[in-house]
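Visitor: model this:
(2 chains)
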Amino acid sequence: MGDKTMTAEEVVSRLASGMTLGIGGWGSRRKPMALVRTLLRSDIGDLTVVSYGGPDVGMLAAAGRIRRLVTAFVTLDSIPLEPHYRAARERGGFALTEVDEGMFQCGLRAAAQRLPFLPVRAGLGSDVMRVNPDLRTVTSPYADGETLVAMPALRLDAALVHVNRADRLGNGQYLGPDPYFDDLFCEAADAAYVSCEQIVDTAGLTKGAAPQSLLLKRLSVTGVVEAPNGAHFTSCAPEYGRDEEFQRRYATTPWPEFAARFLGADEAAYRAAVRDWRKEEERKEEER
Amino acid sequence: MRFTRAEYCVIACAEAWRGAGEVLASPMGLIPSLGARLARLTFAPDLLLTDGEALLVRPDGTPEGWLPYRQHLELVAGGRRHVMMGASQLDRYGNQNISCVGDWALPRRQLLGVRGAPLNTLNNPTSYWVPRHSRRVFVERVDMVCGVGYDRAAGLGGAARFHRLARVVTDLGVFDFATADHSMRLVSVHPGVSVERVREATGFPLAVPDDVPFTREPGAQEVRLIREVLDPAGARAREVPEGAGS
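Guide: Got it, this is the predicted structure:
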């Protein structure tokens, strides 16, 4: 059994411009931000990004790395509208495939099950049909004859997700309340890269945690990256909540300025820049 | 006793879940959340509530179930839910927009995105909450149909058999679609609001019956629950300030 551990840089070296990239998490929750930041430090672009969008989408859109976005929403949760995403969208910075949350889930499921599509009731009657002229409907072959949307598979070249723990073989575990859709992202992808707060022995995964927390199976995982605080500034329950103050800073700083100050050469530089910023804020607070 | 506009709004939202039975209440926004919890604590004790994340909780926060997003989407499709969503734009047949303002191809203002509105409106009863009733929200045509209205549902045949828009609550009044052509109708105005004021703030012709009642007052137990249990800090007045829209 292979050791799949690698660095974030090795993950990004396996990605290429033009790929379709799925990103796990939901809104500003458990996003694989360390992997996204590493991707931003590369020159990879022209991506089709598939995501229940949060700051992952905001950053990649602001940096001009997205050719097409497939999503149902982009939000920072506590800040409902993602300002960098909005700005990019309002200047026509990328093409958009806007689908409903349930359609999106169907698309991932279809991809994971190697089906061309799955039927879903959502979308009919809405302008999702107007803005996605390639979407087709399918008629039930049974007596009801109901017309449904044939949601096409959202097959991914690669998926990036972040979980609490993994072993070196790629078995991934979530310890928060919601798995989001990270297993589906991995199963829908030709290659799935998992960052985690901590790499532990296989036996350590189920010490003090129920087996149903083992969300990701190694057969659908290509690489494992140990990235403590790797979802920052999004939440990674129970390890940490969203860094609301830093998220506010992100939301209110023009992207070039934010990237220049915080992105740094690697994750160590990012963490140092965030620490320095926090000290500066504390000093300002004391002076007030 | 005098009640605030925000308190009438809480009552009007709570009423959306009267008689809903053992279903999930999914309120979006503070006042709908207060309304759902009030309904659960009084006349709709079988309602289920979430903590806004993955847990089903009793009104005091005690977990009683698990509802991660993947199951939440399944539950919507199963129909055992009544959602109260927001609306950036809403038209006379209840078509709702939360995606963007202007031409979708290059919007003037990008908003949230369609989220689950298409799924919600075809699968479970849907109500809307609009904290500031204005012609910017109540428009002749919405720019991007996210939540499906009655005119569009009418053309969908069997796929629309679970479509139902229950009510619209705003800072001015309560509305439904119980007209012959399912166009929006004024049900009640909150005390201090005139019918004329509602008409002025609505960008399409509104069905108005001859006699428009006032939204009902909170009962003694209800007002105590709102003020002392559900929102002792008075956050509701920030969503609907006193004297709003009158």
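
Visitor: contacts for stretch A:10-19?
Guide: Defining contact as C-beta atoms under 8 Å, 6 or more residues apart in numbering or on different chains, one finds that stretch A:10-19 is touched by A:21, A:35, A:38-39, A:41-48, A:67, A:157-158, A:160, A:191, A:193, A:222-223, A:225. For the C-beta atoms, the positions are set from N, CA and C on the backbone; glycine is no exception.

Visitor: in strands only, show me those.
Guide: With DSSP state E as the criterion, strands contain A:21, A:47-48, A:67, A:157-158, A:160, A:191, A:193, A:223, A:225 from among the contacts of stretch A:10-19.

Visitor: what sits against residue 139?
Guide: The chain I'm using is chain A. If a contact means C-beta under 8 Å, 6+ apart, then A:Thr139 has A:145-148 as its contacts.

Visitor: the intended chain is chain B.
Guide: For B:Val139, counting by C-beta under 8 Å, 6+ apart, the contacting residues are B:89-91, B:203-204.

Visitor: also A:Pro228?
Guide: A:197-198.

Visitor: ok, back up a step: now the two most distant members of the ones in strands among the contacts of stretch A:10-19.
Guide: Farthest-apart pair in the ones in strands among the contacts of stretch A:10-19 is A:Arg67 and A:Val225; separation 25.2 Å (C-beta to C-beta).

Visitor: still on that earlier bit, just the buried ones from the contacts of A:Thr139, in PyMOL syntax?
Guide: Listed next is the PyMOL selection for buried residues among those, using 16 or more other C-beta atoms under 10 Å in any protein chain shown:
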select buried, chain A and resi 146+147+148
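
Visitor: what is the nearest of the contacts of A:Thr139 to chain B?
Guide: A:Glu146 (4.4 Å; C-beta to the nearest C-beta).

Visitor: go ahead and confirm that closest one touches A:Ser140.
Guide: Yes: between A:Glu146 and A:Ser140 there is a contact under C-beta atoms under 8 Å: 4.6 Å.

Visitor: any idea which of the ones in strands among the contacts of stretch A:10-19 has the most stuff around it?
Guide: Using other C-beta atoms under 10 Å in any protein chain shown as the neighbour test, the ones in strands among the contacts of stretch A:10-19 are led by A:Leu160, with 35 neighbours.

Visitor: state the distance from it to chain B.
Guide: 18 Å (C-beta to the nearest C-beta, to the nearest Å).

Visitor: hey, what's that residue bridged with?
Guide: On the basis of DSSP bridges, A:Leu160 takes part in beta bridges with A:Ile23, A:Tyr193.

Visitor: next, the contact list for it, please.
Guide: Here A:Leu160 is in contact with A:11, A:21-24, A:32, A:35-36, A:39, A:193, A:195 (C-beta under 8 Å, 6+ apart).

Visitor: most neighbours among those, which one?
Guide: So for the contacts of A:Leu160 (other C-beta under 10 Å), the most neighbours sit at A:Pro32, 31 neighbours.

Visitor: not counting sequence-adjacent ones, nearest residue to it?
Guide: Once flanking residues are discounted, A:Pro32 sits nearest to A:His162: 3.9 Å by C-beta to C-beta, 6 or more residues apart in numbering or on different chains.

Visitor: would you say the one you found is within a helix?
Guide: No: A:His162: not assigned to a helix; according to DSSP: H, G, I helix; E, B strand; the rest coil it is strand.

Visitor: give me the number of residues near it?
Guide: Around A:His162 there are 31 residues (other C-beta under 10 Å).

Visitor: so what's it up against?
Guide: So A:His162 contacts A:24-25, A:30-35, A:182, A:194-196, A:227, A:230-231, A:236 (C-beta under 8 Å, 6+ apart).
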